[in-house]
Every structure is written in structure tokens, then in C-alpha cells.
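build me a model:
(one chain, ligands or ions: 1)
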Amino acid sequence: MGSLSLQSSDAQAADFDPGVIVSQNPATGEKLGEVPVATEEEVRAAVARGRAAQREWGRLPVRERARRVFAFRDEIINRAEEVIDCIVREGGKTRLEALNMEVLVAVDLADYFAKRAEKLLAPHPIPLHLLKTKKSYLHYVPRGVIGIISPWNFPFSIPLGETIMGLLAGNAVVLKPSEMTPLTALKAKELFDACGLPRDLFQVVTGRGATGAALIDSGVDQVIFTGSVATGRKVAAACGERLIPCTVELGGKAPAIVCADADLERTANALVWGAFANSGQVCASVERVYAHEAVHDELVERVVTKVRALRQGDPSSDDTDVGAMTWDRQLATVEATVNGAVAAGARVLVGGKRGPGPGLFFEPTVLADCRQEMDVMHREIFGPVMPIMKVRSEEEAIQLANDSHLGLCAYVFTKDRDKGRRIAERVEAGSVIVNDVLFSFGAPETPWIGVKQSTVGFTHSDDGLRELCQKRHVNVDRFATKRELWWYPYSPKAFNFMLKAMRFLFRAKRRA
Ligand code: NAD
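The predicted structure follows:
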């Protein structure tokens, strides 16, 4: 394994072979391997193979599909350390994060849906309120081949969760992983092949944006995209052009509202983990804190003490709290955002600069005296930075929390759970959590959903599994008559009968 300077994948392409992606360890700069850039033809061929494999898979009873998915789950459990090593080396997160936020999340999701898929995908009766001579139901039919395009920050749990749900729903999957983390996707593929499932049912095509665009263009029947707002727009437009359903899971700018009655010790612990886990490269990260003036100073003090105690460094050591960032480009964005905030008057209380090289580290950073108009308060940072702003009231905090083009997650801290619920219901976000942070992606029964520019569609949850199927309505007559009332021949008698029937059924009650 050679050593490279850390540089973005586009720079690699320019310097080296554009037909190859070089995967590097962001904590050390070590070269981990190379993968090919799949061409349009190769992507099309993968989708065609997937379609052929899906025909038989889609006809299997759901229970049998679930049995095979349990085998995949078991393979992940048995080889968890191998997967964790791969995620840590390629992505830079710590081992415990790779276990808790990636492998465990995927295993739990596989278990949850494999146990329930048969029930969830059973025909769903639709009682007809009027037409009692007929019976309707929804019938769930696999869509065919699902194209998944994924980001680098959770290179295992995001695409694997979607893949497992897609397979249980009877589909084949072609995954285009991020160019920053292709080896983790190929490790998932290795595990899949090892447990005896048909190889073409789940395929990985490596490449950059053009390979992702080729996947959308390859005849897939549905696209699930996770990534930035800018790319999400292109993906949604391309899917619109082809009239294929798509879900786009995009950026976040999660606010944390800290009320005057918050439990400050729990709040500080939650905020620190919520802002710095995975070096802040989480779409649900605590990206801005609105602290009530009554508790602001004490909260800041507790947060700063805890952040000073964080141990940043080698992600493969079990004593490390904060690992490396994954991408030099993201590191540069974080640095520019912090510098911009400081130039606009924010105060650095801890961190504020890159960590020592050669790896991609940015020190866990706390910024005080932030104001809403600063970029750091309204643009996604996606790095280990916690900007804090003092507010005069909870009402002001709600207004500022809602002053965003994004709405993925939000957090509220208060000891008064009724008040927490009232505030949560007014915050414009897909998931609002009272007295906790981040965890809801790991709860497969809850929808992973956003509002505004954060999401179109959703993943996870029982409905999320059904979204991976075509919903077809079937209606069967319960007993035969020679004709329906609204069929030919038309006549004045038929008209009068229907008019009377409507008035009898729906007439508004006369007031006494
Ligand atoms: P990105 O948009 O740059 O890339 C995402 C994927 O899209 C990559 O695989 C990339 O190769 C591919 N791609 C690029 N151009 C494409 C095109 N024209 N057509 C098809 N595919 C194309 O995002 P990223 O930098 O990998 O991820 C970071 C972003 O993802 C952040 O904004 C973060 O908030 C967001 N994210 C959102 C969620 C969520 O669930 N909402 C989860 C994780 C990350």
C-alpha cells in the first residue's frame, strides 16, 4: 500500500487516471486501493442483469426473501469487525461510531423488516364505504430494479438499509456509492455474495457523478438518492424527465432549542455528541444552538469543558472520541465557514482550526456570540463545529429555528415534556426530538423524512417499505348482478333514481 497526499477525487482524476478512483485513508493519507469508474454501458449491463435476477426473486414468497435476508444479516454480524475496519480506514470515523452508527443500524434494520415484511406487504383491504357489493384491496408488487446513489458520511448504514428494504420488497438493487468510500460498498457486496444470495440481485457500480447520472438513465424503476441539495435537484430533475419515482434525502441544518428549564448536564452531553459524532459529518448534526439567556452562560461553560475533554486522533484506536474528516474538500469548507464566522464577530471558545496532519482533522470547535445572519447559522457546515446563539425567549428560538431553507431534524431541550411537545410541533423539520439528538435514523420504524429542501419522499418505516413497491388497487365483485346502476341504457328514470339516492344519502340535516 503506497502513500499519497490527501486530495479530492477530482484532483486525483486529473492527476492520475480518470477511469480509476483511488481510495485513501483520510486519517493517514495511506492509499487503500483503486476501483474502476463504471461506464454507461457497464451500468446498463448491471441493471439488465439485475432485472433478470429480479424476475425470480420478485416471485418468491416474502417469507422466503426474509429468510435469505436473515442470512445476509448474520453474515454482517459474523464479520462485523472486518466491516468496521473498512469503514474506519476509508471514512475516518471511530470504531465505536462504525459499530453503533453503521453496522448495528444496518443489522437492526435488517432484523426489524425481515421479521415484519410478510405482514407489511400482505394485501391491504380497503373497506368501501358505499359500494358494498364490491371488495377492494391494495396489492404490493416489486418495482423491479432500484438504483441507489449514496454519500460518503455513512457509507454502510445508508445504502445497506435501503438495499435490504429494497430486496425484501422483491426488487434488485444497483448501488452507486460515493467516490470517497467505494471500498466500503464493495465490502458490503462481498458479504452479500458470501451468503449465497443471487449475485446479480445486489450489484455495486463504482464511479463519480457521471456514473450516478448513468444509473438514473439506465432504465431503473426507482431511484433513492442521498446527498447534497445541489445534486439532489439534478437527480430529481433527471427522474422527473424519465417519470420514475425518486426519493431525495438531502442536507440538514438541525437547530437545538435549549429552554430555560432544560437539564443542562444532559443537554450539554447531548449537544456535544450531536455536534461532533462522525466529526459533525451527519445530516442530522446539531448545526446551531439557540440557548435561552437564562441558561446560556452555564450551558456554554459545560459544553466547553466537555469539548476540551474530547480526544481527537487515530480513529482506529478505541480511546479516540473524534476521528478524521472524510474529504479534504469538506475540511476546506468547514475551515472557510469558521473563518467567515470569526471575521463577522463570532468568538472561538475551543478549537477553530485544522488539527495536525497528515490526516484530515478539524478540531472540535465551539463558537459563541453567533448571529442568525452569519453563514455558520444558515448554511450546512457538515463538520465539527457548534455555533451557539443567545436568545431572549423560546418564542424567538422557534422563529430562528424555522428561519432556514432546510428542515431535516431539530431538537428541543426542556424538563417540561408537554412544553417540549408543543414546541416540537411548531418547528419545521421532518423529525423533532425532545431531549435527545441524532438517534432517529437508527430507529427503523420511524420515517426518515424532511421538509423544505431537505427531502422529497422518505425512507425507513413500515410505509417506507411499501414505497419500494408499486401499489396496485384490485377490486373484486362480491356477487354478480346483470348491470350496475350507472351503466347503459341512460334514461330519465335512472337520472331521477340517482338524484333521489344522492339526496337520501348525503342531504345536509335541516336545522330545527
Ligand atoms: P453529493 O451530492 O456530492 O454526492 C452524493 C452522491 O451523488 C455521490 O455518490 C455522487 O457521486 C453522486 N452524484 C454526483 N453528481 C451526480 C449526478 N449528477 N447524478 C447522479 N449522482 C450524482 O453529496 P455528498 O458530498 O456525498 O454528501 C454530503 C451531503 O449529503 C450533505 O449535504 C448531507 O447533509 C447529505 N446527506 C443527507 C442525508 C439524509 O438522509 N438526508 C444523509 C447523509 C448525507
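
and the residue of the stretch 401-512 of the chain at minimum distance from the ligand, how far is that from residue 298?
Residue of the stretch 401-512 of the chain nearest the ligand, by Cβ to the nearest ligand atom: residue 408 (5.5 Å). For glycine as for every other residue, the C-beta is placed from the backbone atoms N, C-alpha and C. Between residue 408 and residue 298 the computed distance is 29 Å (Cβ to Cβ, to the nearest Å).

would you mind listing what in this protein touches the ligand?
Proximity of the chain to the ligand, by Cβ under 6 Å from any ligand atom, involves residues 149-154, 158, 176, 178-179, 208-209, 212-213, 226-228, 231, 234-235, 249-252, 283, 380, 382, 408.

pretty sure residue 93 is in a helix, no?
No - Residue 93 sits outside any helix when classified using DSSP: H, G, I helix; E, B strand; the rest coil, being coil.

can I assume it is in contact with residue 87?
Yes - counting by Cβ atoms under 8 Å, residue 93 does reach residue 87; the two are 6.7 Å apart.

strands of the stretch 301-450 of the chain, start to end?
347-350, 365-368, 385-391, 406-407, 409-413, 431-434, 448-449 (DSSP state E, counting those that start in this stretch).

pull the contacting residues for the residue nearest to residue 368 when sequence neighbours are not counted.
Using Cβ to Cβ, 6 or more residues apart in numbering and skipping residues adjacent in sequence, the residue nearest residue 368 is residue 347, 4.7 Å away. By Cβ atoms under 8 Å, 6 or more residues apart in numbering, residue 347 lies in contact with 367, 368, 369.

same question, residue 86
183, 184, 187.

in the one helix or strand it maps to, which residues are buried?
Secondary structure from DSSP states H and E places residue 86 in helix 80-91. By neighbour count on 16 or more other Cβ atoms under 10 Å, the buried set for helix 80-91 is 80, 83, 84, 86, 87, 88, 89, 90, 91.

buried residues, the helix ranked longest in the chain. List them.
In the chain, assigned by DSSP state H, the helix with the most residues is helix 40-59. For helix 40-59, a neighbour-count test (16+ other Cβ under 10 Å) marks 42, 43, 44, 46, 47, 49, 50, 51, 53, 54, 57, 58 as buried.

ok, now stretch 101-111?
Result for stretch 101-111 [16+ other Cβ under 10 Å]: buried residues 101, 102, 103, 104, 105, 106, 107, 108, 109, 110, 111.

which one of these is nearest residue 22?
residue 102 (22.4 Å; Cβ to Cβ).

what is the three-state secondary structure of that closest one?
Residue 102 - assigned by three-state DSSP - is helix.

considering the contacts of residue 347, which possesses the most neighbours?
residue 367 (26 neighbours; other Cβ atoms under 10 Å).

that residue and residue 256: what is the separation?
Noted for residue 367: a distance of 14 Å to residue 256, by Cβ to Cβ.

quick one, what contacts the nearest residue to residue 462 once chain neighbours are set aside?
Leaving aside its chain neighbours, residue 462 sits nearest to residue 120 (5.2 Å; criterion: Cβ to Cβ, 6+ apart). Applying Cβ under 8 Å, 6+ apart to residue 120 gives the contacts 113, 462, 465, 466.

sort out for me which of those are in helices.
113, 462, 465, 466.

which among those residues end up buried?
Buried among the ones in helices among the contacts of residue 120 (16+ other Cβ under 10 Å): 113, 462, 465, 466.

isn't the first one up against residue 444?
In other words, residue 113. Yes - if you go by Cβ under 8 Å, residue 113 and residue 444 touch, sitting 6.6 Å apart.

helix or strand for residue 210, which one?
helix 209-216.

average pLDDT for that helix?
Throughout helix 209-216, pLDDT has a mean value of 98.

the domain parsing of this protein - what is it?
21-250+460-470, 254-444 (automatic domain parsing).

run through the residues that contact the residue nearest to residue 43 when sequence neighbours are not counted.
Spatial nearest neighbour of residue 43, chain neighbours left out: residue 214 (4.4 Å); criterion: Cβ to Cβ, 6+ apart. Neighbour list for residue 214: 38, 39, 40, 43, 44, 207 [criterion: Cβ under 8 Å, 6+ apart].

what's the most distant pair in those residues?
44 and 207 (13.1 Å).

how far off centre is stretch 496-508?
50 Å (Cα atoms, centre = their mean, to the nearest Å).

make 352 the first number, not 1, from now on.
Noted, 352 is the first residue going forward, which turns the last one into stretch 847-859.

please export the C-alpha coordinates of that stretch as PDB.
What follows is stretch 847-859, C-alpha atoms only, in PDB (Å, rounded to 0.1, in the frame of the first residue of the first chain):
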ATOM      1  CA  ASN A 847     -84.300  10.500 -11.000                       C
ATOM      2  CA  PHE A 848     -83.400   7.400  -9.100                       C
ATOM      3  CA  MET A 849     -79.700   8.500  -8.800                       C
ATOM      4  CA  LEU A 850     -80.700  12.000  -7.700                       C
ATOM      5  CA  LYS A 851     -83.000  10.700  -5.000                       C
ATOM      6  CA  ALA A 852     -80.400   8.300  -3.900                       C
ATOM      7  CA  MET A 853     -77.800  11.000  -3.600                       C
ATOM      8  CA  ARG A 854     -80.200  13.200  -1.600                       C
ATOM      9  CA  PHE A 855     -81.100  10.400   0.700                       C
ATOM     10  CA  LEU A 856     -77.500   9.500   1.400                       C
ATOM     11  CA  PHE A 857     -75.900  12.900   1.600                       C
ATOM     12  CA  ARG A 858     -78.600  15.600   2.300                       C
ATOM     13  CA  ALA A 859     -77.400  18.100   4.900                       C
END
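
outside of it, which residues touch it?
481, 836, 837.

go with 10 Å
481, 836, 837, 842 (Cβ atoms under 10 Å, 6 or more residues apart in numbering).

worst-scoring helix or strand of this structure, pLDDT-wise?
helix 360-366 (a mean of 47; mean pLDDT, DSSP states H and E).

so where is the chain shaky, pLDDT-wise?
Counting by pLDDT under 70, the low-confidence segments of the chain come to 352-367, 859-863.

cutoff 50 now
Scanning the chain for pLDDT under 50 picks out 352-356, 358, 360-365.

just the buried ones from the contacts of stretch 847-859?
The neighbour-count test (16+ other Cβ under 10 Å) marks none of those as buried.

please, where are all the helices along the stretch 652-801 of the chain?
Taking DSSP state H, counting those that start in this stretch, the helices of the stretch 652-801 of the chain run over residues 679-694, 726-729, 745-753, 768-777.

hey, which of these is tucked in deepest?
Stretch with highest mean neighbour count among these: helix 726-729 (a mean of 20; mean count of other Cβ atoms under 10 Å).

alpha carbons only: can I get that one in PDB?
In PDB, the C-alpha atoms belonging to helix 726-729 read as follows (Å, rounded to 0.1, in the frame of the first residue of the first chain):
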ATOM      1  CA  ASP A 726     -23.300  31.800   7.200                       C
ATOM      2  CA  VAL A 727     -22.400  29.500  10.000                       C
ATOM      3  CA  MET A 728     -26.000  29.800  11.300                       C
ATOM      4  CA  HIS A 729     -27.800  29.100   8.000                       C
END
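
does anything pack onto that helix? Which helices or strands?
strand 637-643, helix 679-694, strand 716-719, strand 736-742 (3 or more Cβ pairs under 10 Å, 6 or more residues apart in numbering; DSSP states H and E).

of these, which is nearest residue 665?
helix 679-694 (17.0 Å).

the inter-axis angle of the closest one versus strand 736-742?
30 degrees (axes from the mean of the first three to the mean of the last three Cα atoms, to 10 degrees).

okay, helix 679-694 in PDB with CA atoms only?
This file holds the C-alpha atoms of helix 679-694, laid out as PDB (Å, rounded to 0.1, in the frame of the first residue of the first chain):
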ATOM      1  CA  ASP A 679     -10.300  17.400   2.000                       C
ATOM      2  CA  ARG A 680     -12.900  19.500   0.200                       C
ATOM      3  CA  GLN A 681     -15.300  19.300   3.200                       C
ATOM      4  CA  LEU A 682     -12.500  20.200   5.500                       C
ATOM      5  CA  ALA A 683     -11.800  23.300   3.500                       C
ATOM      6  CA  THR A 684     -15.500  24.200   3.600                       C
ATOM      7  CA  VAL A 685     -15.500  23.900   7.300                       C
ATOM      8  CA  GLU A 686     -12.400  26.000   7.700                       C
ATOM      9  CA  ALA A 687     -13.800  28.700   5.500                       C
ATOM     10  CA  THR A 688     -17.100  28.700   7.400                       C
ATOM     11  CA  VAL A 689     -15.400  29.100  10.700                       C
ATOM     12  CA  ASN A 690     -13.100  31.800   9.500                       C
ATOM     13  CA  GLY A 691     -16.100  33.700   8.000                       C
ATOM     14  CA  ALA A 692     -17.900  33.500  11.300                       C
ATOM     15  CA  VAL A 693     -14.900  34.800  13.200                       C
ATOM     16  CA  ALA A 694     -14.500  37.600  10.800                       C
END
